[in-house]
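1. have a look; sequence and predicted model below, questions after that.
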Amino acid sequence: MHVDVSSIITAIVSLILGYFAFSQNGKKSDLDRTQETHDYIQDQNDRLNAENERLIKENQRLKKELKSYETKH
């Protein structure tokens, strides 16, 4: 039986490439992680926007209260 070196190299390279292809498919893709990061940032942005709106309203209320207090005294 005669096996040449190129056949052995081809078989080894095929095994290595197959291993990496299947191991990468088993892991989460970078796109999934990017989407999760985007969703997290979007949630934080929405939360902070709501907090900002609440603080703006409170600030306006306090300004009115201060102005009212200053006119009385």
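-> Received the coordinates, thanks. This is a predicted model, so every value here is computed, not measured.
2. now for the chain, the helix or strand with the poorest mean pLDDT.
-> Least confident element among the helices and strands of the chain, by mean pLDDT, DSSP states H and E: helix 5-26 (a mean of 82).
3. can you pull the buried residues of that one?
-> Within helix 5-26, no residue is scored as buried using 16 or more other Cβ atoms under 10 Å. In this view, the C-beta of every residue, glycine as well, is placed from N, C-alpha and C.
4. element containing residue 45?
-> Secondary structure from DSSP states H and E places residue 45 in helix 30-72.
5. for the record, mean pLDDT for that helix?
-> Averaging pLDDT along helix 30-72 gives 90.
6. helices and strands around it, which ones?
-> Applying 3 or more Cβ pairs under 8 Å, 6 or more residues apart in numbering; DSSP states H and E, one finds that helix 30-72 contacts no other helix or strand.
7. can you give me how far it is from the chain middle?
-> A distance of 21 Å separates the centroid of the chain from that of helix 30-72, by Cα atoms, centre = their mean, to the nearest Å.
8. and for stretch 5-19?
-> Offset of stretch 5-19 from its chain centre (Cα atoms, centre = their mean): 37 Å.
9. measure the residue nearest in space to the middle of the chain to residue 44 for me?
-> Nearest to the geometric centre of the chain sits residue 37, at 0.6 Å (Cα atoms, centre = their mean). Taking Cβ to Cβ, to the nearest Å as the measure, residue 37 falls 11 Å from residue 44.
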